[in-house]
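[1] Requesting a structural model of the entry that follows:
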Amino acid sequence: MQVPLQIVVRNLHHSEALEARVREDAAKLETFHPRIVSCRVTIEESRKHQQQGRLFQVRIDARVPGRELVVDRDHHEDVYVALRDAFHAMTRKLEDAARTARGDVKTHWKAEADTEEKE
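    Here you go, the predicted structure:
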């Protein structure tokens, strides 16, 4: 990435394994969109639901030229599963942004037919 990755951990013990997983998953994001300008990952343990156990919230903010992409996944009992789901969702958003930037987005067939009739 062009700008260093920012990792924020709140209400949770900061471990090297967790940080390594975040760095590994964030490095993979560049394969889906080559021009990621910045990425910020926030991991937070929610302390509201004492009866349900530990619940986590993962938020990923990524900037690409012209757009800011945000993914917010919460309420899972395993922090690594919450991370996986959040990075999977960000991957889909980055793929969509790259397709749009390349102009590979298909238009509806009826809209194409209407413009051909008018010409």
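[2] where do the strands sit along this structure?
    Here the chain has its strands, by DSSP state E, at 6-10, 38-46, 55-64, 67-76.
[3] contacting residues around the nearest residue to residue 34 once chain neighbours are set aside?
    The shortest distance from residue 34 to any residue that is not its chain neighbour, by CB to CB, 6 or more residues apart in numbering, is 7.8 Å, and that residue is residue 98. For the C-beta atoms, the positions are set from N, CA and C on the backbone; glycine is no exception. Under the criterion of CB atoms under 8 Å, 6 or more residues apart in numbering, the neighbours of residue 98 are 32-34.
[4] Please list the members of the residues you listed that lie in helices.
    Taking DSSP state H, every one of the contacts of residue 98 sits outside helices.
[5] ok so, going back, lowest mean pLDDT across the strands of the chain, which one is that?
    Least confident of those, judged by mean pLDDT, is strand 67-76 with a mean of 85.
[6] Read off the pLDDT value for the residue nearest to the spatial centre of the chain.
    Per CA atoms, centre = their mean, the C-alpha nearest to the average position across the chain is that of residue 90, at 2.5 Å. Predicted confidence (pLDDT) for residue 90: 93.
[7] measure it to residue 54 for me?
    23 Å (CB to CB, to the nearest Å).
[8] what about the residue lying closest to residue 58 once chain neighbours are set aside, distance to residue 42?
    On the basis of CB to CB, 6+ apart, the spatially nearest residue to residue 58 that is not a chain neighbour turns out to be residue 86, at 4.0 Å. Residue 86 sits 10 Å away from residue 42, going by CB to CB.
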